[in-house]
Structure formats: structure tokens, C-alpha cells
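Enquirer: kindly return the folded structure for what I paste below:
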Amino acid sequence: MIIPISVNTLQVSGVVSFYMSAALVMVFVNKLVLNNTPDLPLLFLLVQLLIAVVLLHVSAAISRRVEIPQFDWGVAKKLTPVVLVNVIGLVFNTLCLRGVEASYFQIARGLQLPLTILVSSIHTRWIPSIKTIAAAVLVSCGFFVGVAPSSALPLLANPTPITLFYGILSSLFIALHAVLIKSSLPHCENSTIQLAWWTNVGSAVFLLPFVVFNGELQILRDNIIEGSWDGKVFGWGCLVTGVFGFLLCVAGLLSIKVTSPITHMFSSAAKSVLQTLLGVYIFHDILTVNRISSILVILGGTMYYTWVKSFEFKPPQPEMVDLESARRPSQMMESRDSKINTVVWSVDEEEKR
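Expert: Next up is the predicted model:
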């Protein structure tokens, strides 16, 4: 008996697979490059941002739907807060990944959901429901279980306090970024593509002086002169992560447009499990009972939160009118996001950058 598969099912499956694959490639290639060249984290990030800008311009040349904004000092000043928060979050995210194992990375950033709920509540003066608070507490417990020192681990396998601090700051700035995005969109004609251009260009501009002051250009020069450094890993890693970072942004937009919160919840859960298993297989990460318990508790709390939000915030019934040809995709996405709690989707936002 042949079971018919609808076009919508295939579309959702394709988008989810695309999103998961891009996210996993980003984490593991980033980790590979940072293991190979741990003293060039800011330069690595700068190259990724520049590649994203180039790909946006290439996309604009291919498709009229991708609009590159004209440079305007007034708009640049208004977008400075969201750009600064974005680049600071990216820096702490990169420094955190450099100092922890790939499978432990999701534990180190385990406070992302509770901090997102907290920042969003303060910004909107919204009091979370009991179920939302319970999810945040559950995720926080998972984080503290994972960061507790373990005698079963070699001394070098335990993350340093400064690395965990980077993870907490990364989670905090991701939460702030999620809040600032919505207030920044009106300055970009409500276009997420234009906001992405401003964010990447601005982040690169702010990051460049720190690359110079941190001496990374000199370190790159010394590595090239010495001859023992494998520059191919760094070069190809920059290219792959730059391209997949751009694709991940596209995949994130498609995921919000095509899938439901429940589908997104299970795809995130599957990605977390795969990330843990691949970390053990590729980098020989060490898993302890504490770490496994931490990942499961964080995952369970996040899934519970998404399930709660899917019932608390029901999207409106679609109108019987085809607006696809009349509105830009970025406007459609923003229209839908304004009616669904954006906190549901901000949990995985740091992966899109």
C-alpha cells in the first residue's frame, strides 16, 4: 500500500532538514577552525561577516526581492544599539565555543531561554505565566547541573570560569538582540533583509579595530611566515562558515514561515541530540552523567516552553486571499511574527548569525 505524501509535508521536511544541517555545519566547522587557530577568533568572525555582506549583494543582483539599502547616517545611528548588541553577542559566542567542547556548547549557553524570557518581560512589562516560569526554572536547573565540577573529568576537560562567563554573556546579548530587532525593523522599512545588511556591515565596522588592537593581523602574518601553520583549515573554514551562516539565516526565515512552533521544537530537540553525538564522534568529547542529565533537562525545559507558547499564542486563521505576489517575503514574516510571541523563535537565533 502506497501512503500519499502531501507537498506541504515534503516542504516542511525539506526546510527542517535544511535548517538542522546548516546549524550543525556551523557549530562543528566553527569549532574545527577555533581548535586549529585559537588565537584568531575575532579575525575569523570578521571574515564571516564580510562574506555574509558579499552574499547579500550577490543575492540582490540575482533576485529583485533582495533589496540592499542605501547608506544613510540617520538610519545608521538609529541602528547602532542593535548592531552593537549583535557584534558583542557574536564575540562572546565565539570565545565561548573556543573554550568548550562542541557537545558542551549548548550547556554553556543554557541560560539563553531564561534570560530571553527575563529581558522580554522587562521590555514589554509582561508578567510570564506560571508555566513559562516553570520552564525557565527547569532550564536553569539543567544549566547548573551541567556546569557543576565533576571529578570524573580530566582537569583540562572542565571548562574554565571565564569560558562559562562568556557563555552567560553570549546568552544575555542574544536575548537583548531578540528584543531590539523588533524595534529596529521600522528603520529598515520592516525588511529583515535590509536589517541583516545593516547588522553585518555595522558589526564588521565595529569589530575591525579590535582585530587590529588585539594583534590578530600580526599573529596571522607570523603564522604565515613560520610555515608550520595549516592556513587551509582557516581559509576553508572561513568560507564554509560564511556561506552556511548566510544559508542558516535563510533557513531560519523559511523555518518560521513554513513550520509550526511544535515542529520547530522537535527539530531543535533532534539537532541537540545530533550535536551531542557528533561531538563525541568527531572531537571525542567526554560525556558524563552530569552532562547528559544537563542536556536532557535543558532540552526538556525548552520543549515544554515551546509547547506552552504554542497554546498561549495561537496564530490567526489565514485569509482566503493570495497575498504572496503582493508582499515581500520579509514583510510577510514580520506580519506573522508580530502576532506570535517572538520569544518562541529567539531561542535558536544565535545559530543564524
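Enquirer: show the residue spans covered by the strands in the stretch 101-250 of the chain.
Expert: Secondary structure of the stretch 101-250 of the chain (DSSP state E, counting those that start in this stretch): no strands located.
Enquirer: so Gln106 touches Lys271, yeah?
Expert: No: between Gln106 and Lys271 no contact is recorded; they are 9.3 Å apart, counting by C-beta atoms under 8 Å. Glycine gets a C-beta too; all of them are placed from N, C-alpha and C.
Enquirer: the more surrounded of the two?
Expert: Taking Gln106 and Lys271 together and counting by other C-beta atoms under 10 Å, Gln106 has the greater number of neighbours (25 against 20).
Enquirer: list the residues that contact that one.
Expert: When the contact criterion is C-beta atoms under 8 Å, 6 or more residues apart in numbering, the partners of Gln106 are 272, 275-276, 295, 298.
Enquirer: biggest separation within the residues you listed, which pair?
Expert: Gln275 and Ile298 (12.1 Å; C-beta to C-beta).
Enquirer: looking at those two now, which is surrounded by more residues?
Expert: For Gln275 and Ile298, the more surrounded residue by other C-beta under 10 Å is Ile298, and the numbers stand at 26 against 20.
Enquirer: output the below-cut-off pLDDT ranges for the stretch 1-150 of the chain.
Expert: Applying pLDDT under 70 to the stretch 1-150 of the chain flags residues 1-9.
Enquirer: Leu278 sits in which helix or strand?
Expert: Using DSSP states H and E, Leu278 falls within helix 261-283.
Enquirer: pLDDT (mean, whole number) over that helix?
Expert: Model confidence over helix 261-283, given as mean pLDDT, is 75.
Enquirer: now the element after that helix, going C-ward?
Expert: On the C-terminal side of helix 261-283, the closest following helix or strand by DSSP H and E is helix 289-312.
Enquirer: for that following helix, the distance to its chain's centre please.
Expert: Averaged C-alpha coordinates place helix 289-312 at 18 Å from its chain's average position (C-alpha atoms, centre = their mean, to the nearest Å).
Enquirer: buried residues, it. List them.
Expert: The neighbour-count check on helix 289-312 (16 or more other C-beta atoms under 10 Å) flags 290-291, 294-295, 297-299, 301-306, 308-310 as buried.
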